[in-house]
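**Student:** Need a 3D model of the following:
(one chain, ligands or ions: 1)
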Amino acid sequence: MTAFISAGHNPKGIKVDPGAVANGLREADLTVEFRNLVVAELLKRKVKVITDKDDERLGDYLKRIKTGSGSVVLEFHFDAALSPTATGTTSLYGNDADRLDIAFSKELAEATSKILKIKNRGALSESQSHRGSLGLMRKEGIVSLLEVCFISNPSDIKAYNENKKELAVKIAEIVEHYENLI
Ligand SMILES: [Zn+2]
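**Tutor:** A predicted model of the protein is given here:
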């Protein structure tokens, strides 16, 4: 069984996709940093992990990976809004999600909200989130996308920076738990 852990957007490569940019930060750098922290924790726990590469477009990663019913698939993003006070964490699951996808998403948002001490905006389906259809959600396995916090909110980013190691440990623990369920 394998965990597929990816960073939304790519900071390097021929076609750089920085994601949201705010407060002098690029979303792609934050997602890579957080993915690396979570992957390091999973490897300590002897969980087999496949990740995207920093110069790889998301579409190419999704084409490359072969997930199965025994996979946990998780991608990190940071949210952005015009208002610098928009705050909180959100997780997303597919419109075709089953009980485990939804439970996994809920646990991710709850843990992030608790550790960063920011609002829990909830676990939403693709259609509730108005983000359109997400290719990630068409992958087999237990799948979720976590918008950790708002890159556009300085206090969200401060909370992230102060607690990212603790959050990475907790997220790894949740991933390992769902890996063991399937
Ligand atoms: Zn993103």
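**Student:** Where does the protein get nearest to the ion, residue-wise?
**Tutor:** Relative to the ion, the nearest point of the chain is His77 (3.4 Å; CB to the ion). Heads up, the C-betas are built off the backbone N, CA and C, glycines and all.
**Student:** how about the residues of the chain that lie near the ion?
**Tutor:** Contact residues (CB under 5 Å from the ion) of the chain with the ion: Gly8, Gly19, His77.
**Student:** Now list the buried members of those.
**Tutor:** Gly8, Gly19, His77 (16 or more other CB atoms under 10 Å).
**Student:** How about the second one: what's its closest non-neighbour residue?
**Tutor:** Counting by CB to CB, 6 or more residues apart in numbering, Gly19 lies nearest to Glu27, which is 3.0 Å off, once chain neighbours are set aside.
**Student:** In space, what's closest to the residue nearest the centre of the chain - neighbours in sequence excluded?
**Tutor:** Central residue of the chain (CA atoms, centre = their mean): Phe76, 2.2 Å from the mean position. Leaving aside its chain neighbours, Phe76 sits nearest to Thr31 (4.6 Å; criterion: CB to CB, 6+ apart).
**Student:** that older thread, my read is that the residue of the chain closest to the ion contacts Leu146, right?
**Tutor:** Yes. Between His77 and Leu146 there is a contact under CB atoms under 8 Å: 7.1 Å.
**Student:** any chance you could map the helices in this protein?
**Tutor:** 27-44, 58-64, 99-116, 126-129, 154-181 (DSSP state H).
**Student:** want to throw these into CSV with mean pLDDT and mean neighbour count?
**Tutor:** Output for the helices of the chain, formatted as CSV (pLDDT from 0 to 100; neighbours: other CB atoms under 10 Å):
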stretch, mean pLDDT, mean neighbour count
helix 27-44, 98, 20
helix 58-64, 94, 15
helix 99-116, 98, 20
helix 126-129, 92, 15
helix 154-181, 97, 18
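**Student:** count of neighbours near Glu56?
**Tutor:** Glu56 sits with 18 neighbouring residues when counted by other CB atoms under 10 Å.
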